[in-house]
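Enquirer: when you get a sec, could you give me coordinates for this:
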Amino acid sequence: MQKVVADRKLQTDRHLKGVYSRLRPQQASPLVFATRTQSGPQGQPPGTIATHPLEVDSIARQTADTIYNGNVPDPLELISEFLRKYQQYIPLLASHLPHTTSGPDGNHKHFSLRRITGIQLHTILKAVTPQPRGWITPSLKT
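Expert: Below is the predicted model of the structure:
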């Protein structure tokens, strides 16, 4: 009996609201409170519960920023260490050179193969990786 009623409801649902509600994923509930990590705006001690939306949003951002910033203080040093360790497995990158070299087929080529550098690797990874807010751009040490 229930199946007949459900089928009839589905047939009379011109806008497929029933189908949409069954297929739609469960929505996440809003963040309505958070535990303070610092003193609150009115002097509330850390560890108490914050319920004001702006304060909850601020706490969530601080927590997310620590995750996005990661635990690497110097990205260029990390890249250099990675390159030293895995140099033999890193593919070669074709680069243009001012001199001419001859290939196995006798044709002159104006490029050679070199190992990819840390800066090139960083540039490639930065181009293909979505960047969160507050992305750290490495700088060359002088």
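
Enquirer: the lengthiest helix in the chain packs against which elements?
Expert: Longest helix in the chain by number of residues (criterion: DSSP state H): helix 53-69. Where contact means 3 or more CB pairs under 8 Å, 6 or more residues apart in numbering; DSSP states H and E, helix 53-69 is packed against strand 34-35. C-beta here means a position set from N, CA and C on the backbone, and glycine is covered the same way.

Enquirer: can you tell me the strand partners of the next helix or strand after the strand it packs on and which way each runs?
Expert: Using DSSP states H and E, the helix or strand that follows strand 34-35 in sequence is strand 49-50. Within its sheet, strand 49-50 is paired with strand 34-35 (antiparallel), according to DSSP bridges.

Enquirer: pLDDT of the partner strand, averaged?
Expert: Strand 34-35 shows a mean pLDDT of 93.

Enquirer: and if you look at stretch 79-87?
Expert: For stretch 79-87, the mean per-residue pLDDT is 83.
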